[in-house]
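Novice: got a predicted structure plus its sequence, pasted below:
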Amino acid sequence: MMKKNKIRTLSSNTLTVILLTICYCIVAFQIYSGNASRQLTNIMISLSCHIVMAVSLNLVVGMLGELSLGHASFMSVGLFSGCLLSIFLNNTFPLLPLAIRLPISMLFGGLIASLFGFIVGLPALRLDGDYLAIVTLACGEIIKSIITNLKITGGARGLDTSTIYLKTRSLLPYAFILDFVTIILIMHLKKSRYGRAIQAIRDNKIAAESCGIDIIKHKLSVFVLAAFFAGAAGTLYGHNFANIKATTFDYNLSIEFLLIVVLGGMGSIRGSVIAAVILKVLPEALRGLDDYRMLIYSLMLIVIMLFNSSPMFDGIIRTLNPKRLLVNVFKRKSTEDT
């Protein structure tokens, strides 16, 4: 019995991390050996940031059950604040190593984004459903307009980050660490007592409140935590470009993150990772088709969503579930030994 429980714990808690580690090792080997294509090298940091954004948004949409359309704005807040600090540190302390400067900037960007998440979430999370979506969408557009009109952020020309610009080879280890810290923390949060309280709010707010759960407090803390990860990802994202404009982080990008969450499955961390990879890699894979690229991309999204909602597809996914396959392998070995 103990052996069976260990197998289940291993497959449920670490299988996603193991598979992602293998993928990162393969890609890192290709990049550092010089065998990777330019397209793969260029999208790796953006892909890593998309994974963090999808997993953190899944915390709000999937686990908490609230629709947020302003997640990209928290990414922009973290990007500009973290990159401004990084530029200041780089100019003031030129000998400061990247291993110190970048984590400090990412932490600062995450904290500023979480502060904005608190400011936006405090009044907004008293609303539900479509009303919350409209408020977060409006707040995101307000934040974008404010950043665009500030002189310190470069205004409409954008922030010049050429002094801190880094290539994929330099940023890949930090992207790797950020992805795994985000995934592991949210995985443990989902299975903790606090995570069960969040999911209870999603399932039935009245019942959760009757059990003594502070709904506003839990909602706000989830919103702030998701904004923190978005801000840290934004800081990393900003170091991969020589110029960043606030107009990039509009509601279209927030909807793209929401699409990743819906495509991967509400509340599924592994699904968010896989969907982020598909939606980021697929347009690059279809780039050679020129004018038909977006048409094929849209049709494939529709087909994937239809299959995702099909009971037959759900049965196939359960059959091919790596956790179940791993348990079956151990069962066969145990029966053969006996």
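Specialist: Nice, I can see it.
Novice: show me where the chain has its strands.
Specialist: Ranges of strands in the chain, per DSSP state E, are 159-160, 243-244.
Novice: how about JSON lines for those strands, with mean pLDDT added?
Specialist: Listed next are these as JSON lines, based on pLDDT from 0 to 100:
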{"stretch": "strand 159-160", "mean pLDDT": "91"}
{"stretch": "strand 243-244", "mean pLDDT": "90"}
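Novice: just put those in CSV and tack on distance to residue 282 and mean neighbour count.
Specialist: In this view, the C-beta of every residue, glycine as well, is placed from N, C-alpha and C. Conversion of the strands of the chain to CSV gives the following (distance: least, C-beta to C-beta, whole Å; neighbours: other C-beta atoms under 10 Å):
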stretch, distance to residue 282, mean neighbour count
strand 159-160, 29, 18
strand 243-244, 24, 18
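Novice: which stretch among those strands comes nearest residue 210?
Specialist: strand 243-244 (46.9 Å; C-beta to C-beta).
Novice: sheet partners, orientation included, of the closest one?
Specialist: Note on strand 243-244: by DSSP bridges, its sheet partners are strand 159-160 (antiparallel).
Novice: name the surrounding residues that touch the strand it pairs with.
Specialist: For strand 159-160, the external contacting residues (C-beta atoms under 8 Å, 6 or more residues apart in numbering) are 80, 83, 84, 153, 154, 238, 242, 243, 244, 245.
Novice: let's see it at 7 Å
Specialist: Residues outside strand 159-160 that contact it (C-beta atoms under 7 Å, 6 or more residues apart in numbering) are 80, 83, 153, 154, 243, 244.
Novice: out of the strands of the chain, flag the one nearest residue 15.
Specialist: Closest among the strands of the chain, using C-beta to C-beta: strand 243-244, at 35.7 Å.
Novice: which residues sit against that closest one?
Specialist: So strand 243-244 is contacted by 79, 158, 159, 160, 161, 238 (C-beta under 7 Å, 6+ apart).
Novice: quick check: the second one touching residue 245?
Specialist: Yes - between residue 158 and residue 245 there is a contact under C-beta atoms under 7 Å: 3.7 Å.
Novice: give me the common contacts of those two.
Specialist: By C-beta under 7 Å, 6+ apart, no residue touches both residue 158 and residue 245.
Novice: adding distance to residue 58, write the contacts of strand 243-244 out as a markdown table.
Specialist: Shown next, in a markdown table, are the contacts of strand 243-244 (distance: C-beta to C-beta, whole Å):
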| residue | distance to residue 58 |
| --- | --- |
| 79 | 21 |
| 158 | 29 |
| 159 | 29 |
| 160 | 33 |
| 161 | 29 |
| 238 | 23 |
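Novice: neighbours around residue 35, how many?
Specialist: 9 (other C-beta atoms under 10 Å).
Novice: ah, wrong one, I meant residue 178
Specialist: 23.
Novice: contacting residues around it?
Specialist: By C-beta under 7 Å, 6+ apart, the residues touching residue 178 are 48, 52, 232, 233, 236.
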